[in-house]
Structures are given as C-alpha cells and as structure tokens.
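Colleague: Here's my sequence, what's the structure:
(one chain, ligands or ions: 2)
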Amino acid sequence: MAQPFTYQVSPMRVVFGVGTVAQLADELDRLGISRALVLASRRQQAELGDLAELTGGRVAGLFDGAVVHTPVAVTERAMEIVRELKPDGVVAIGAGAATGLSKAIALRTDLPQLIVPTSYAGSEMTPVLGETVDGVKTTQSSPKILPEAVIYDVNLTVSMPEKFSAISGLNAIAHAAEALYARDGNPITSLMAEEAIAKLASSLPDVIARPRDLEARSDALYGAWLCAVCLGTVGMALHHKLCHTVGALFDLPHAETHAVLLPHTIAYNEPAARDSVSRAARALGTADAADGLFDLSARLGAPRSLAEIGMPEHGIAKAAALATKNPYWNPRPIEESGIRDLLKRAWSGSRPQAG
Ligand SMILES: NC(=O)C1=CN([C@@H]2O[C@H](COP(=O)(O)OP(=O)(O)OC[C@H]3O[C@@H](n4cnc5c(N)ncnc54)[C@H](O)[C@@H]3O)[C@@H](O)[C@H]2O)C=CC1
Ligand SMILES: O=C(O)/C=C\C(=O)CC(=O)O
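Modeller: Ligands and ions are numbered 1, 2, ... in the order given. Coordinates of the predicted model:
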C-alpha cells in the first residue's frame, strides 16, 4: 500500500542548458527587474564579460564580497549597498556563497531573486537559509528566501576545478540521500532522488577525467539540480545538521564537510531506514550505500577525513554535544555517544559503520 504523503511544488522558474546565461536580460524582464544588484566574484565577472551588456543595462550595482556560511556581518555590508542603490532585484552569479547572500538580502527586503549557479551546491532551489554569527549557524525557512528564477548554464560550470566539482557533487548527493528518508518524504521526491544520485555517481568520474566535456558537465548539473529540488521539497535530517554544526564551529569548507560525513551519517541511519537507504545503494550501483559513497569519494579523490579538512580532534566531544542539543528530526534517535563515535570515525577517515 502506498504511504500517505503531502507534496507541494515550489513556485520557481528554471532555465537549463548550454549558453543559457544569454537569456539573462529576458529573464530579468519576466521578473520586472530593471535595476539589479549583481552578486558576482571578480572571477565570474571576468568570465562573463561586460555585465551591463549581458543584462541589457539592467544593473544598478555590484557586490563581490559573498563568503561561505553567510555571515551576518557580510550581509550587513551588502545591505548598506542595497539601501544606497535601491535595486529592484538581486542577481547572484556564483556558487553557494553568492546564493546565500542573495537569499539573506531577499529575506530582509523581499526583493525578487534570479540565481545563476556555478557549483553543484543546490541552494538556489530551496527556501532555506543558514546564517552564521560567532561560529553558530542558524537555519530558517521562508517563502521570501526561495529565489523566483534560476538559470542553469552548463558552460559556467566548466571552470569549476575538477576536485571541487567532485566534492560539490557529493554535497548535492547528500541532499538526495537524506530526501529518501525524510519525515515529509513523498514518492515524487524519492524518484527524483534516485535519478539524481545515479546521474551524479555516473557523471562525476567523467567530469574528473574530462572537465571540459559538456555532456558530462550537463549530466552532473542536471543531477545536481534534481538533488537541489529534493532539498527544497523535504526536510533535512542528521547529516545536514551535523555538517552545519561542525562546519560553523570549526569554519570548515562546506562541500568538503558534506563529502566526508555523508558515508558515516548514512551508515548511522541505515538500521532505521533500510528501504530508503537501499534505494540510494541501487542508484549508486552498490550493495551498501554507505560503503558505496565511501568508495565513490576515494575514486573521485575527495577528502575522507575531518582531520584532513581542518577539524581539530579535541572538537569531537563539543561537536557531538552541540549537534544533539537541538536536533533536526531523524529516522534513528540521535544519541550523543553514537554521534561521538561517528565523528571519531569520520575524523580519522575510517570506513563507515552503523555504530
Ligand atoms: N540553503 C541551502 O539550501 C544551501 C546552502 N548552501 C550554502 O552554500 C555555501 C557553499 O556553497 P559552495 O558552492 O559549496 O561553495 P562556495 O560558494 O564557497 O564556492 C567554493 C569555491 O568554489 C569556487 N567556484 C565555484 N564555482 C566555480 C566555477 N564554476 N569556476 C571556478 N570556481 C568556482 C568559488 O569561487 C569558491 O572559491 C555554504 O554557505 C552553504 O551553507 C549549500 C547548499 C544548500
Ligand atoms: O548543508 C547544505 O548543503 C544545505 C543547507 C545549508 O547549507 C543551509 C545554509 O547554510 O544555507
């Protein structure tokens, strides 16, 4: 018998393809944006050329100070520019850091947002924003945070360094993997999650081998988009909570933290969500999802230990205590001693175990 479920689709326009950034001016018109604040790094500005030309003159100003984990101090600097220039919309061209800043501005102003993602992080599809103050990330969800439109241009992902592409792809896979056992999961999201994991698991090795291959890049971006839809549709669980806790506490790189922790959090949850986790294994083409993810990381040359990405060993106990203080819903009860053991294994890069 089918499980009862609720399924709600986000009001979001998506344009996907190769060279789609050329449609930026048309998409701005659709949203009624004629004076955009553009959030883009110098590297992206150089890659895109003349932004005034690309947007048909619809630029009020530029801000290139977005950083990972959306610190409120950076948002306040950007808000000064918003108050000064009075733009009628925000355009973020960049990876998750630029998207996070755009969402933080939209939360405060309700300005419409158009996002052009350049990594596989997936924030552009979600009404979720995590903001950081003094090493603590607080996550909230609001319809104001959800971007109105997204242009996925495969060309803009080609410059993503190979190693970061793999790591960012594992961040995306985490969204789909957790969607399979989400409390508010539903059949459509699960179908997308399986397809997403399979697409990324098969395309990421090709992206590493041939980073300029548009077919591999296109498959990876398509998989990342599906993962992002999953994250935008259902709630997060232990894996995301743990990443946010250790990421903000020790200022760890976001996607790398996901890549290291994913096999361990999936192993922890597997005894309580066998059917869902077996769908992830099927998508990976392995008998065991946690082992399959651990092996995929090795194959992609992604980091496999928290030590390697800068977490101090003495931080394990503090992180376990913090992660269990205000936990997200999770299929398996979140127990501090179990999480401490999980973090010990992830810190040293040991093979995942249910614990
Ligand atoms: N709220 C949400 O739903 C989500 C939020 N996030 C947030 O996004 C942030 C992480 O985003 P990421 O994309 O992982 O990292 P990021 O935005 O920090 O970018 C990482 C690095 O990759 C480089 N890069 C990205 N795309 C590139 C390209 N095409 N060519 C060359 N270099 C490129 C960037 O310049 C940067 O140096 C975090 O703050 C995280 O919390 C991530 C996923 C979902
Ligand atoms: O961890 C993720 O990839 C998903 C959500 C967030 O990063 C939340 C945020 O900090 O914006």
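Colleague: domain ranges for this structure?
Modeller: If you go by the TED database, the domain ranges for the chain are 11-155, 161-346.
Colleague: May I see those arranged in a markdown table, with mean neighbour count and mean pLDDT as well?
Modeller: For glycine as for every other residue, the C-beta is placed from the backbone atoms N, C-alpha and C. As requested, the domains of the chain are exported to a markdown table (neighbours: other Cβ atoms under 10 Å; pLDDT from 0 to 100):
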| stretch | mean neighbour count | mean pLDDT |
| --- | --- | --- |
| domain 11-155 | 19 | 96 |
| domain 161-346 | 21 | 97 |
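Colleague: Among these, which comes closest to residue 5?
Modeller: Between residue 5 and the domains of the chain, the shortest gap by Cβ to Cβ is with domain 161-346, which sits at 3.8 Å.
Colleague: Could you work out the end-to-end span of the closest one for me?
Modeller: One end of domain 161-346 to the other measures 24 Å (Cα to Cα, to the nearest Å).
Colleague: Give me the distance from that domain to the chain's centre.
Modeller: Put simply, domain 161-346 sits 10 Å off its chain's centre (Cα atoms, centre = their mean, to the nearest Å).
Colleague: after the strand or helix carrying residue 230, next one along is what?
Modeller: Using DSSP states H and E, residue 230 sits in helix 214-233. Remark: after helix 214-233, the chain's next helix or strand is helix 238-249, criterion DSSP H and E.
Colleague: quick one: the helix or strand following that following helix to helix 238-249, angle?
Modeller: Downstream of helix 238-249, the next assigned helix or strand under DSSP H and E is helix 254-269. Here the directions of helix 254-269 and helix 238-249 differ by 140 degrees (axes from the mean of the first three to the mean of the last three Cα atoms, to 10 degrees).
Colleague: Do any residues in helix 254-269 lie close to ligand 1?
Modeller: Yes: against ligand 1, helix 254-269 shows contacts by Cβ under 6 Å from any ligand atom at 254-255.
Colleague: Just the C-alphas of that helix, formatted as CSV.
Modeller: Listed next in CSV are the C-alpha coordinates belonging to helix 254-269 (Å, rounded to 0.1, in the frame of the first residue of the first chain):
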residue,chain,number,x,y,z
HIS,A,254,31.1,23.4,3.3
ALA,A,255,31.1,20.9,0.5
GLU,A,256,34.2,19.1,1.9
THR,A,257,32.4,18.6,5.2
HIS,A,258,29.4,17.0,3.4
ALA,A,259,31.7,14.8,1.4
VAL,A,260,33.5,13.4,4.4
LEU,A,261,30.4,13.0,6.7
LEU,A,262,27.9,11.5,4.1
PRO,A,263,29.0,7.8,4.2
HIS,A,264,29.1,8.0,8.1
THR,A,265,25.7,9.6,8.5
ILE,A,266,24.1,7.2,6.0
ALA,A,267,25.6,4.3,7.9
TYR,A,268,24.3,5.6,11.2
ASN,A,269,20.7,5.9,9.8
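Colleague: residues contacting the most centrally placed residue in the chain?
Modeller: Central residue of the chain (Cα atoms, centre = their mean): residue 121, 3.0 Å from the mean position. Neighbour list for residue 121: 95-96, 99, 168, 171-172, 224, 228, 254-255 [criterion: Cβ atoms under 8 Å, 6 or more residues apart in numbering].
Colleague: could those residues go into TSV alongside distance to residue 317?
Modeller: Shown next, in TSV, are these (distance: Cβ to Cβ, whole Å):
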residue	distance to residue 317
95	32
96	29
99	33
168	30
171	26
172	30
224	34
228	33
254	23
255	25
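Colleague: just so I have it, where are all the helices in the chain?
Modeller: Remark: helices assigned in the chain by DSSP state H are 24-31, 42-48, 51-54, 72-85, 96-109, 162-179, 187-209, 214-233, 238-249, 254-269, 274-284, 289-300, 316-325, 336-348.
Colleague: nearest to residue 116, of those?
Modeller: Closest of those to residue 116 is helix 24-31, at 7.2 Å (criterion: Cβ to Cβ).
Colleague: quick one: the closest residue to ligand 2 within the chain and residue 270, what's the gap?
Modeller: Residue nearest to ligand 2 within the chain: residue 130 (2.2 Å; Cβ to the nearest ligand atom). Per Cβ to Cβ, to the nearest Å, residue 130 is found 26 Å from residue 270.
Colleague: do residue 214 as well
Modeller: Per Cβ to Cβ, residue 214 is found 36 Å from residue 270.
Colleague: Could you double-check that residue 341 lies in contact with residue 355?
Modeller: Yes: applying Cβ atoms under 8 Å as the test, residue 341 and residue 355 come out as touching, 4.9 Å apart.
Colleague: Okay then, goodbye and thanks.
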